[in-house]
Each structure stands twice: as C-alpha cells, then as structure tokens.
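Chemist: Build me a model:
(2 chains)
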Amino acid sequence: MTDLGCTIAGVESINPFWLASAPPTDKKYNVERAFKAGWGGAVWKTLGEDPPVVNVTSRYGVHRSFDRSIIGINNIELISDRPLDVNLREIEEMRREWPDRVIIGSIMAPLDEDAWKSLAIRVANAGVQGIELNLGCPHGMCERGMGSAVGQVPEFVEKTTRWVREAVNLPVFTKLTPNVTDIMIPAGAAKSGGAHAVSLINTVNSVIGVDLDNMVPTPTVDGRGTHGGYCGEAVKPIALHMTAEIARHAETQGLEISAIGGITTWRDAAEFIALGAGAVQVCTAAMLFGFRIVEDMNDGLSAFMAEKGYKSIEDFKGAATTRTVDWNALNMNHDLKARIDDDACIECGRCFIACEDTSHQAIRIDAKDDGGRKFTVIDDECVGCNLCMHVCPVKDCITMEPVDTDRPYVTWPEDPRNPLREAAE
Amino acid sequence: MRHFKVNSDGSGLAASDVAENFSDLHPPLSPAQAAVEAARCLYCYDAPCINACPTSIDIPKFIHQIRSDNLDGSAKTILSANIMGGTCARACPTEVLCEEACVVNHTEGAPVKIGELQRRAVDHLLAKKGPHPFARAPETGKRIAVVGAGPAGLSFAHRAAMLGHDVVVYDAKEKAGGLNEYGLAAYKMADDFAQAEVEFLLGVGGIEINHGQTLGKNLLLDALRKEYDAVFIGAGLTTTRQLSAPGEALDGVRDALDFIEDVRCASDKSKLKIDDNVVVIGGGNTAIDAAVQAKCLGARNVTLVYRRGPEAMSATGWEQDLAASNGVVMKFWASPKSFSGSGKVETAAFSEMREQGGKLAETGRNFDIPAGLVLKAIGQTLNEKALDGLKIERGKIRVDENYRTSVEGVYAGGDCIAAGEDLTVQAVEDGKRAAHSVDAALRLPKSGDLR
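Modeler: Numbering: from 1, shown residues only, chains lettered A, B, ... in the order given. Next up, the predicted model:
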C-alpha cells in the first residue's frame, strides 16, 4: 500500500501536492474548492502590508504550441489586492475547517526588519503551518524594491530569512527567483539565514509575445505592455535543474526543497521528487484545467510508486540526485548508435532530414521494392546524439543502442584527448 | 458521411429539403478545426502525399503555412502547383491519392484531411478577391489557341499566360469550366464555385474565352493552326458511349452527364421533376454523382447497376459508401439487355453476369427493374471526326512526353489523351506541363533564323 503522505520542513501533508502562492489561492472560496478536489495544501497568495496593492486589467499572456495547447503563461499580476484582515480571517477559518490540510502564509514586505517581522507574526497568528518569503516576483513588486529585487541580492535573501526566523516559531520557506545566474548563491544565502526549506522556482522574467497589429507586447494594458513572470510546462526544465543543483551540492545539504515549475502531471512531480524535492507546488496546471487536475496527480503518483515498490515519497526522494553530475564526470567512452525499426517506421523522413540538415548525415534512404523508403543509420557517422529518436513521431521506432566499446569509464579530466589533462597518478 | 434527406416513404421532399441536399457536401473547416487538423501533419520530408498528387503540391509546406497563420502563402503554395486547387480540394478522390499516402494513416488510423485543409487555404484567398497572386512574364508576342475551357485547357491557358503568351480559348458551352461546371455533382461544387474559380484564374490576364465554338463544327483545327503560333487541345471526351441495347432510344433513357448538367444548371433544384424509379448504369464517379443526386431530388427508388463487382468499380470506396448510405441500391454483376415501355421507358431488363476465364459472361438468368428514368454512365469517347489529321491511338489522341500530337504545333492534354485518368487533377497537370512544353518550343530559334 503506497502512502502519499509526506513531511517537508516539519510540515506534514496528506500528499505532496500543494497549490503555489498565486491567483488560485487568493481567497477562501478558491482554496476550499481546491481542498475538496484533493489538494494537500495551499500557499496563500502573497500577503503584504496594508493598504493592499492595486492590480491592472489584462494580466495574462500565453505561449502556445502548434496544436494550440498552452505551454506557458506569463502574468503581470501583483500580490494579494485584498485587505490583510480579510485574508487572515479566511486563513483562520480554513485552518479550523480543514485541519488535515496545509496552509502556508506567503509574505512580502519592503526591506525593513520591522515590516517583515510584524507581517510574519500577524500571519503566523492566523494559524498557518509555515511562512514562505516571496523573494521572486519579477514584475511590478520588484520596481518597489520587493520580490525579485530582494531575491537577486544574496545578502537581502539571508537577512529577510533571518528576520522571519527570529520573529516566528514556524517552518520558514524562502522562495527563490530563477532570474539569477547561479541558483546556488541565493540558496546558500537562504540556508545561512536559517531557512528550513527553499521553494523554487518563482516565475521566469519574460515578454510572452508581441501584438503585431498594434506593435505592443502582450498582455496589453491600454496600448502598453510590460515584462511578466513566465510559468507552466515550458519552465519545468529550468526548475528541474535548479532543484537538482541545490539537492546535490554539499553547501546546501539539509535545505529541504518545495519544488515549483511547470508541474502538470504526476510524472512531473515524480521527477522533481527524484531530484530531491520533498513536495511540490502547482499553479499553471490548475489555472488551465481547474483543481480536478490533482485527481490524476494523486492517482498516477500512487500507481507509479506501487509499480516501482516505493511505499512512501521518502523511498524515492533524491533517488536520481547522485546520478546528476557535472559534465566533467561523464564517461567519454560511452557510445550509442541509433537503430530504426523498419516494421514500425511510417516513412515520414523526419529522422533523415533532421540528421541530414542539422546533424551528422548519418541516415541513408534506400528505395524499397514496394516503392517505399527504407531509412538506415550509417554507424560510422552516427554520434548517438538522440535527435532522430526525438523527432520520430512513432514511439520506440528509433532506439539508441549502446555499443560495447570494451573501454573503461574515462572522464574528460582523465581523457588522453584532453590537452589540459590532470596527471593521472 | 453526409446523410441527405431522402424520399423514403413516398411522400416526396419539400423544396427546403432539396435545397439543403444540394448544399456543400463537406462544410468547410472552421478556423479551429483547421488548426487542429493542420497540427496533425508530421511535415514529412519528401512526403509521400506530394508524390501521390498528380500536380505535386507541396502539401507539408501548405499545411505548415496554415498553422503558422500564413493563409495567403498557403494558398499560393497550392495554386502555384495546381491553379485549380479549389476544385481539386472539393472533387479529388483524395482517399486514393494524397490522403491514402499520408503516413498519419499508420500512426492514427486516419489521414490528415489534406483536401479540406487545401480548400480552407484556397477559399480564403479567392474570397479576398484581391490582386491575382501570380504575375505574368514579359509578353512574348506569341499567340496560342486552346480548344476546351475545361480543367486541362484552363490550366494550360493560365500557365501559358503566366509565361508571357497571349491565349485565346474556344469552348462549345455557354460557361467555362468544362466538367468542373457541368459534370460534377452540384453538392460538390456548391455556391457556383466553378465560375468563381474561372474568374480567379482569368485574373492573371492575357486570356480571352470565346464560347459557342465547337471543334469540327464552327471551329476548325486547320484554321487555328494557321492563325496561332501553337494550338492546345483540351477538348475532353464528348461522345457518349452507346449500350446498343434495344429500346435505348426510348424517351427517359439518357446520358448521365446530361442529367448532371441539367441539375447543375437548374437555379432552383426543387423545380426539377424526378421519376420515382431511377436506374443508373455504370461504375464510375459519374454513376455515383447521378444516382446520389437522383436521391437528393426525391427519387424513391434509385438502383445503380454495374456489370462487375464493387472492387472493379472506378468509383472510390468512399463514393460507393456515400451512395449506399443514402439509399442507392447497388446491384452488381448485371448488364443491361433492353429497355421497354409505351412511349417512354418503363422497364429496364438486365442479365446476370459472371466472370468466366477472365471474361464477362451471361449466366442466363435475367431480371427487370421498373424504371422511369435510365441514366447511362458508361463513359465518353473522343469525337474523332473533329480531329482530322491527328493520330489516334486506342481511342485517344496520341501525344509524346512533351504533349506533342502527331501534327506540328498542336499539343493535347486532359481526358482526350491516352494518359488521361479521368481526373480533374491529372487534366490540370497535363495543361500545366503542356504549357511549359509549348513555351520551350516557342522560344527555340526557328531553323533558318540568324543567330
């Protein structure tokens, strides 16, 4: 029997799926619907000092793939635009009515110790199980010296984290912005400040598109546009990388990870957990499909765990972390060749043209007796890059076959071809 | 599969039912449907669909242009290979051409709807009524005559005009378009599409059409040869084959193409009278078009009789299904023996057939079908009398690989040549390629010219 229950930064949750601090967690009505649908927790939409912010009209833009499905959203919405009192009262009610669910209070304040501390205390008193510091919002709030303007300065990350640690006796999640060159620096700062966990990633700074009729970026507010925060499936790889870096490096050991970034299915969640996340947060998938999307997240993750024999999240948390290494630790002697299954091939030619135009000219076309085309890999030219396998529209038609080179595991620093090779002793 | 309103209980069809029956066979794809359909295309390299298209339209490219929201470019991609891409999108048996070759058949069990996507792009461009998308090359001063304003003749005329020549088209009928205008089921060419397409095509300039000109009657090949630098014959097959069965001359025994033409030309189809009992003889798409349209007009019993089995019919499986699912009774392995009736046809008599040593033979069993209207769709033949001097081979004009007939300066294409496949799209390709052939010949220095 699999158990989806998990504990992150000391906070117990019935499952690893929380709603991230964002429009879906703006008020009790939404969060109640989310809990009914099966979400384990919610990070309330970021609370700031009164008076509340004022939002503009037209807030979201989307990035579509050819089949018109949305692969990313960008938003220019600010933090909660409702009075703090109203939010805190609703949080209290929700905590009372849903004792088995998690509510984390997300907060944001100007770079001032009293402001952070008093806000943290007020939110803690509403009964939240943890405090999350929003240091990531890359639009609007940063122009007021908050959000990513704080998150991009390691010293500020450490300071604000410490202030909140000092003010409340609750687990502290420092939410990081991906809009930095090296995530390890703010993550390390959060750790130094005493964070129990980091939440990442916040949205990626972006312009989602341009209205070519009116020559203005979208989303458009009365003829003008601004950069916003990008989220959804498209940012998942960025978030996976940052999760892995924090999980695998010694300097951030002990820092728990609440992973965020394009999680749409149970599989996405499992990948983040495998790279070291203790739980995940979701926003875009819920915004696109509604809260019921969590049903299959729970169901699919359970089924995956049962199939693999994992009894709890803990059983596979970080299971891929040690296999995530620097490029310099890869085996230079590993060799793969593409193999095309003739029976499965539909003769679309995509593998050929991808290899011919943009890779290594390693696929040959021969005429078949039936008038069709036979595609064959030229082993001498194939570098095992995987491109043909990825562009092939037929699952498992092209596979990558390891070549038995009979050669040892040799990394680049050890490789004789490396002109700067370290003396191997 | 479209289901028409049919007169199954004998109470007839209301005028509105008939009008609805003759609306578009396939309603055009909505922009949303087109986007979904276009996304299914795999953008194959050297795609099998291109090779399956007689005009070699770059199908992956035009579909990609639909999904990149470049509809004008998409239409231009289609029309540069096939100026009648609009008719072909409606009338091509795509299920045995591009869509049969589509590799998505193997992954999803059904092809990309190439024909419907093609229609979306071409209809978009034609509806804009903007400037013609193709420019003419500098005028050559050469004049070319074209006999027949059907798909072959008009395709030739358009390409020849693009190449800089002046073209004069002669046609026997009142309207241009040939079988596009007169020979296809009305629901395949709704909203007078054939004329819209002709108007678009003439937009290139340099083409004049003279109507009421019939080769061998008031139009003579010799005279055209003298007057013009070259002549292209795209006259089609205009002589109806005869069954040579007793009673064939009876009133009510007609050529199916004449019937189809009457239906096409009727502005109010509910005013057309149709007999309760219709018998169609033949196995091609013309037989299906006649039979289904008889049903659409309200005929109660429509029987399509073919002398062999369904697999031998030249009508595609899809066309056969359209007929069968709209109540046309398909009677196979039967050949017409005679027609009888007092004053007009009342009964059609058939003999049952079978195959014996690869040949058709009567079984000796016969049957009658009540028939107030008999439509013969057994094919057309070349009107050889009008083509004095041209070599004819197995009933078609003989041409070489450059569409040259046996007479110098005279070219031919479409259904009237041996390679003709009875397909609009093949006729368009013939016209296009013949135009390039004529162009190359006209640009050669004449023997004796000083270099």
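Chemist: Sketch out the low-pLDDT regions of the chain for me.
Modeler: Reading this off chain A. Applying pLDDT under 70 to chain A flags the ranges A:1, A:422-425.
Chemist: Let me rephrase: I mean chain B.
Modeler: If you take pLDDT under 70 as the line, chain B has these spans: B:420-421, B:447-451.
Chemist: State which one residue of it is found closest to chain A.
Modeler: residue B:45 (3.3 Å; C-beta to the nearest C-beta). C-beta coordinates here come from the backbone N, C-alpha and C atoms, glycine included.
Chemist: now that residue: how far from residue A:365?
Modeler: 9 Å (C-beta to C-beta, to the nearest Å).
Chemist: okay, and the common contacts of the two?
Modeler: Common neighbours of residue B:45 and residue A:365, using C-beta atoms under 8 Å, 6 or more residues apart in numbering or on different chains, are A:349, A:352.
Chemist: Kindly provide the distance from the closest residue to residue B:132 other than its chain neighbours to residue B:160.
Modeler: Closest residue in space to residue B:132, ignoring its immediate chain neighbours: residue B:203 at 3.7 Å, by C-beta to C-beta, 6 or more residues apart in numbering or on different chains. To residue B:160, residue B:203 is 15 Å away according to C-beta to C-beta.
Chemist: Now do the contacts for the residue in the stretch 201-350 of chain A that chain B sits nearest to.
Modeler: Using C-beta to the nearest C-beta, residue A:349 is the residue of the stretch 201-350 of chain A that sits closest to chain B, at 3.3 Å. Going by C-beta under 8 Å, 6+ apart, residue A:349 touches A:365, A:373, A:375, B:44-47.
Chemist: from those, which two are the most distant?
Modeler: A:375 and B:47 (14.2 Å; C-beta to C-beta).
Chemist: returning to that earlier point: residue B:203 and residue B:160 - which one has more neighbours?
Modeler: Shown here are residue B:203 and residue B:160; by other C-beta atoms under 10 Å in any protein chain shown, residue B:160 has more neighbours (30 against 16).
Chemist: surely the more buried one meets residue B:437?
Modeler: No - Residue B:160 is not in contact with residue B:437 according to C-beta atoms under 8 Å; the separation is 10.3 Å.
Chemist: which one is residue B:21 nearest to, not counting chain neighbours?
Modeler: Nearest non-adjacent residue to residue B:21 (C-beta to C-beta, 6+ apart): residue B:296, at 3.8 Å.
Chemist: doesn't residue B:22 make contact with the one you found?
Modeler: Yes - counting by C-beta under 8 Å, residue B:296 touches residue B:22, with 6.3 Å between them.
Chemist: Overlap in contacts, these two.
Modeler: B:187, B:269.
Chemist: Look at residue B:45 and residue A:365 and report which has more neighbours.
Modeler: residue B:45 (18 against 15).
Chemist: Spit out the contact partners of that one.
Modeler: So residue B:45 contacts A:348-350, A:352-353 (C-beta under 8 Å, 6+ apart).
Chemist: From chain B, how far off is the residue located most distally from the centre of chain A?
Modeler: Taking C-alpha atoms, centre = their mean, the residue of chain A most remote from its mean C-alpha position is residue A:369, at 49.8 Å. As judged by C-beta to the nearest C-beta, to the nearest Å, residue A:369 and chain B stand 16 Å apart.
Chemist: Quick check: residues of the stretch 201-350 of chain B near chain A?
Modeler: By the rule C-beta under 8 Å from any C-beta of the partner chain, no part of the stretch 201-350 of chain B lies against chain A.
Chemist: where along the stretch 201-350 of chain B do the strands fall?
Modeler: B:207-211, B:230-233, B:239-240, B:253-255, B:277-281, B:301-305, B:329-331, B:334-340, B:347-356 (DSSP state E, counting those that start in this stretch).
Chemist: of all those, which lies closest to residue A:310?
Modeler: strand B:329-331 (60.9 Å).
Chemist: What is that closest one packed up against?
Modeler: strand B:301-305, helix B:317-324 (3 or more C-beta pairs under 8 Å, 6 or more residues apart in numbering or on different chains; DSSP states H and E).
Chemist: Out of the ones you listed, which is the most enclosed?
Modeler: Ranked by mean neighbour count, the helices and strands packed on strand B:329-331 are led by strand B:301-305 with a mean of 25 (mean count of other C-beta atoms under 10 Å in any protein chain shown).
Chemist: Quick check: nearest residue in space to residue A:14, chain neighbours excluded?
Modeler: residue A:40 is the one closest to residue A:14 (C-beta to C-beta, 6+ apart), at 4.9 Å.
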